[in-house]
Each structure stands twice: as C-alpha cells, then as structure tokens.
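> got a predicted structure here, sequence first:
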Amino acid sequence: MIELKTAKELERMAEACKISALALKAAGESIEPGMSTKELDHIIEKKIRSYGAKPNFLGYGGFPGSACISLNDTVIHGIPSKDIIIHEGDIVSVDTGAFYNDYNGDNAYTFAVGEISSDARALLDATEQSLYEAIKVVKAGMRIGDIGFAVQSYVEARGYAVVRKYIGHGVGRNLHESPDVPNFGTPGRGVRLVAGMTLAIEPMVNARGEDVRVLRDGWTVKTASGSLSAHFEHTVAVTEQGAKILTLA
Ligand code: MG
C-alpha cells in the first residue's frame, strides 16, 4: 500500500527532510583530507541530534553508523570507520537521514575532496544531473517507469552504468516504503504517481559496468569493476504541478 500524505502531513515531513539536508550540508562543509569517515559520521550525528531529531539509519537493519559514507569505488552503505581515511582527490558519497515529527527524510550527495580527476568530475556531474532529469518528470499522472527512464537514458547516453541491484523507494513514516523507484525503466509503465506520494529518488551510477559486490561486513557495496561510483538523492513530494523537493537546506 502506498501511503499518501495530506498537506499538513507534508509540512511535518518537510521538517524531517530539511534536517536531513542540513546534516548533508554540514558533512560537505566538514570533509577534509586526513579525516576518518567515523569523524565525519560524528559531525553528521551531532547535527541531526541538535534539532531534536534522530539519525534514522543508525540501527536500521543493524547498520552501525548514523550516515552511510562511501568512498570512490564504494557505491553505497559504506560503514563509518576510524580506519577509513579521506584523501585529497577522493569522491565521498554521503547519505544522511533524519527521523523527526514521526517522519523520515533521506538524501545523498557525492562530494569532491579538493582536486579530483576530470573523469571523476564528469561522473559526478552526470549523476547529479540525472537526479534532476528524474525530478523534472515527477508529476501526478506520470509513472514510476518515467522516472527510471529519465535517469537511465541520461546516464547511459554518457557511457555510464546505472546500478540495478539497489533502487530508490517511497519514504514517509517508514524509511523504506512502497513504491520501489528503480533508476531504470520504460516510459509510461509502472505505478502511477499520485499527489501526496513521497519518494526518495536516488541514482547510483558506476563509471563502468552496473555490477556490484557486497563486502563481508554485509553492508559495503562496491563496484565489481573497481570503477568510481556516484550517488545523489532527494526526497520529493508528488504534486499536481510537479515535484516538490523536500530535502532542501
Ligand atoms: Mg534512500
């Protein structure tokens, strides 16, 4: 079942989303070479708690961090660790979520640490833009397949690969709700979008090959090829006029 939110409920949820966005912004402003991903996780957790919210990833399915922090060839679900050090030239995907007012926010951004290669920059730009291409097609009456097609066609035209094993999702009272929101699809197919739906749209894009592997920690997802991967995400509400991005700082 897909839970639709009233205007009042969306206002409440927007606060959780704003806190998620502020935490992500704080992460971006704090990242520097020499820092461990555990230190960055502490900054994010403190920021979320400073608003009286909770980091919703912490303990989710047993996840041990407040944020997922994924470097370079790590696609998603990187576990914050004092042993993982951020270096100049890295790309760092940070996924933050806050639970507040009984609702969840969820967003992600891949940050560049200092100077990165032109290949890495192109991957980041394409992945971020694919998120906005997807958001552009969101509107009551459109379909889930329209979202996936928007991401996939944009990304593949640039020679990159969309990860298929992990996908976006509905979000609301629960961090993961119906419907599924794949980053690939066929226009005009799938669940019809209705005003009041709230979706976490989150392209995960590999420089080479869609295949991924999960490390023995049971969480960390890496590209099978060892290529770089980028991840951008917003929580949006479907309206009759279009998408309203809720995860804005
Ligand atoms: Mg998500």
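That came in fine, so what should we check first?
> what about stretch 198-208 and the ion, touching?
Yes. Under the criterion of C-beta under 5 Å from the ion, stretch 198-208 makes contact with the ion via 200, 202. Heads up, the C-betas are built off the backbone N, CA and C, glycines and all.
> distance between that stretch and the chain's centre?
The chain centre lies 7 Å from the centre of stretch 198-208; the measure is C-alpha atoms, centre = their mean, to the nearest Å.
> now it - C-alpha only, CSV.
Written as CSV, here are the backbone C-alpha positions of stretch 198-208 (Å, rounded to 0.1, in the frame of the first residue of the first chain):
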residue,chain,number,x,y,z
THR,A,198,6.7,11.0,-1.2
LEU,A,199,9.6,9.4,-3.0
ALA,A,200,13.4,9.1,-2.4
ILE,A,201,14.9,9.3,-5.9
GLU,A,202,18.5,8.2,-5.8
PRO,A,203,20.5,7.5,-8.9
MET,A,204,23.6,5.3,-8.2
VAL,A,205,25.9,5.4,-11.2
ASN,A,206,29.0,3.5,-12.0
ALA,A,207,31.7,4.8,-14.3
ARG,A,208,32.0,1.2,-15.7
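> distance check, residue 142 against residue 135.
Here the criterion is C-beta to C-beta, to the nearest Å. By it, residue 142 lies 11 Å from residue 135.
> and for residue 93?
Separation of residue 93 from residue 135 (C-beta to C-beta) stands at 19 Å.
> more neighbours: which of those two?
Neighbour comparison, residue 93 and residue 135: the larger count goes to residue 93, with 27 against 18 (by other C-beta atoms under 10 Å).
> SS state for the more buried one?
State at residue 93, reduced to three classes by DSSP: H, G, I helix; E, B strand; the rest coil: strand.
> which residues are in contact with it?
Residues in contact with residue 93, defined by C-beta atoms under 8 Å, 6 or more residues apart in numbering, are 68-71, 74-76, 78, 108-111, 229-231.
> likewise residue 165?
With contacts defined as C-beta under 8 Å, 6+ apart, residue 165 is in contact with 210, 212, 221.
> next, count neighbours for the nearest residue to the first one once chain neighbours are set aside.
The one in question is residue 210. Once its chain neighbours are removed from consideration, residue 210 has its nearest residue in residue 161; the separation is 4.2 Å (C-beta to C-beta, 6 or more residues apart in numbering). Look at residue 161: counted by other C-beta under 10 Å, it has 21 neighbours.
> on that earlier part again, now the contacts of residue 165 in CSV, with neighbour count, secondary structure and pLDDT?
Rendered in CSV, the data for those read as follows (neighbours: other C-beta atoms under 10 Å; DSSP: H, G, I helix; E, B strand; the rest coil; pLDDT from 0 to 100):
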residue, neighbour count, secondary structure, pLDDT
210, 19, coil, 98
212, 21, strand, 98
221, 21, strand, 98
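> closest to residue 103 out of those?
Of all the contacts of residue 165, the one with the least separation from residue 103 (C-beta to C-beta) is residue 221, at 26.2 Å.
> so that closest one sits right up against residue 74, yeah?
Yes. Under the criterion of C-beta atoms under 8 Å, residue 221 lies in contact with residue 74, with a separation of 6.8 Å.
> okay, residue 164: pLDDT?
Reading off the per-residue confidence, residue 164 sits at a pLDDT of 98.
> next, count neighbours for it.
15.
> so which helix or strand takes in it?
Using DSSP states H and E, residue 164 sits within no helix or strand.
> repeat for residue 174
Counting by DSSP H and E, residue 174 is found in no helix or strand.
> quick one: contacts for it?
residue 104.
> tell me the pLDDT of it.
Here, the pLDDT recorded for residue 174 equals 96.
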